[in-house]
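[1] when you get a sec, could you give me coordinates for this:
(2 chains)
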There are 2 protein chains.
Amino acid sequence: MSAVYFEDIAVGNKTVSGTKKVTKEEILDFARKYDPQSFHIDEDAAKKSIYGGLIASGWHTGAMLMRLMIDNMSNKRAGLGSPGFDDLRWIRPVRPGDELRFESTVFETRKSESRPDMGIVRANVHLYNQNDELVLSLKSTGMMKTRPE
Amino acid sequence: MSAVYFEDIAVGNKTVSGTKKVTKEEILDFARKYDPQSFHIDEDAAKKSIYGGLIASGWHTGAMLMRLMIDNMSNKRAGLGSPGFDDLRWIRPVRPGDELRFESTVFETRKSESRPDMGIVRANVHLYNQNDELVLSLKSTGMMKTRPE
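    All right, here's what the predicted structure looks like:
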C-alpha cells in the first residue's frame, strides 16, 4: 500500500468515521484531571445545573474527536501535525452513553509558501451523537508531506 | 466572600496563572488514549520526526490550559461554561519537563441577547513555557451569570 500524500487530497473529499461510545467513568476521569467543574465531576451538582446532568468536558469531547480522526484515517497518511484550528463550537452537551462519530469535508488545499515539501489541508469537521445531533464543529488545519520527486 | 458575576468583569482585566509541570508519563498517557500519533507516544520515532523528540498532543496542551484556568480562577466565579473558542494556534511544541503558565486579558464583555441572566466574556489567552516562549494561543468565550437583582 502506498502512502497518502498532500497531492492525493482534493477539495470536497469527505471522511466519515466509525463511532466511539462515551462512558461515565471516562467523563469523570478526564474531568478530574483537566476540567474539574461541578457539572463534569459531580452527578448531583450536575443535575441541578443548567445542563440537567453530567456532561463531558468540552476538551474531552475534542480529545475524543481527535481519537476518532486517528482511528479513521489511513495509517499511511503522511501527516505532519497541525498548526491549530478555528471556530470550535460546543453545540450540544455530550453525556454518558452517547455514541460519537464525525464527518469532515475538505474545503481548501494549498502548498506551503515556506516549505515546498509540505501542503496544508483545511476541512470542516462535524461531530454528531447517536441521534444525528451536531455536538461539536470546528475548521481543522493539517500539514501533510508532498509526494517525493 | 461574595460571588464573582458578569458585572464584576471588565475589558482589560488580566489573569496570570501559576505553573503546571508537564511529565513524560502524562504526555504518553494522554496520547495513548486520545492522540496515538508516533511523535506523541514513541520516543524513538519522535526523535526521527520533524519535532526532534517527544511532544505533547495539542489537545493535551489545551486540556492542561483548561486545568490551569480552573485552578487560577475564583471558585466563586459564576461561570456557566463556554460555547466554544476561536483561533487556536499551537505555536511551539510542549515537551517533557516544560512548565506551563497562562496570561489572559479580557477584550469583550456583553450581555446575552437571548438570556438576560447571562453575560458573555471574551479573552485573549496565551500559554507560555518556562522560557517565556509562547506555546499556544486562543480567543476564549465564557458565559457567566449576571448579578441577581
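[2] assign A:R92 to helix, strand or coil.
    Taking DSSP: H, G, I helix; E, B strand; the rest coil as the rule, one finds A:R92 in the coil state.
[3] what residues does it make contact with?
    Neighbour list for A:R92: A:129, A:133-135 [criterion: Cβ atoms under 8 Å, 6 or more residues apart in numbering or on different chains]. (Glycine included, C-beta is placed from N, CA and C.)
[4] most neighbours among those residues, please name it.
    A:V135 (23 neighbours; other Cβ atoms under 10 Å in any protein chain shown).
[5] the strands in chain A, which residues?
    Along chain A, counting by DSSP state E, strands occupy A:14-16, A:20-21, A:84-90, A:99-111, A:118-128, A:134-145.
[6] can you list the residues of chain A near chain B?
    A:30, A:33-37, A:39, A:50-51, A:57-60, A:62-64, A:66-67, A:70, A:79-90 (Cβ under 8 Å from any Cβ of the partner chain).
[7] hmm, back to that, so which of the strands of chain A comes closest to B:K21?
    Distance to B:K21, taken as Cβ to Cβ, is lowest for strand A:84-90 among those, at 23.9 Å.
[8] tell me the angle of the helix ranked longest in chain A relative to helix B:58-71?
    In chain A, assigned by DSSP state H, the helix with the most residues is helix A:58-71. Calculated by axes from the mean of the first three to the mean of the last three Cα atoms, to 10 degrees, helix A:58-71 forms an angle of 170 degrees with helix B:58-71.
[9] what comes up buried for helix A:58-71?
    Of the residues in helix A:58-71, A:58-70 count as buried by neighbour count, 16 or more other Cβ atoms under 10 Å in any protein chain shown.
[10] can you put those in JSON lines and add pLDDT and distance to A:E25?
    Below are the buried residues of helix A:58-71 laid out as JSON lines (pLDDT from 0 to 100; distance: Cβ to Cβ, whole Å):
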{"residue": "A:G58", "pLDDT": "96", "distance to A:E25": "18"}
{"residue": "A:W59", "pLDDT": "97", "distance to A:E25": "17"}
{"residue": "A:H60", "pLDDT": "98", "distance to A:E25": "12"}
{"residue": "A:T61", "pLDDT": "98", "distance to A:E25": "16"}
{"residue": "A:G62", "pLDDT": "98", "distance to A:E25": "19"}
{"residue": "A:A63", "pLDDT": "98", "distance to A:E25": "15"}
{"residue": "A:M64", "pLDDT": "98", "distance to A:E25": "14"}
{"residue": "A:L65", "pLDDT": "97", "distance to A:E25": "19"}
{"residue": "A:M66", "pLDDT": "96", "distance to A:E25": "19"}
{"residue": "A:R67", "pLDDT": "96", "distance to A:E25": "16"}
{"residue": "A:L68", "pLDDT": "96", "distance to A:E25": "19"}
{"residue": "A:M69", "pLDDT": "93", "distance to A:E25": "23"}
{"residue": "A:I70", "pLDDT": "91", "distance to A:E25": "21"}
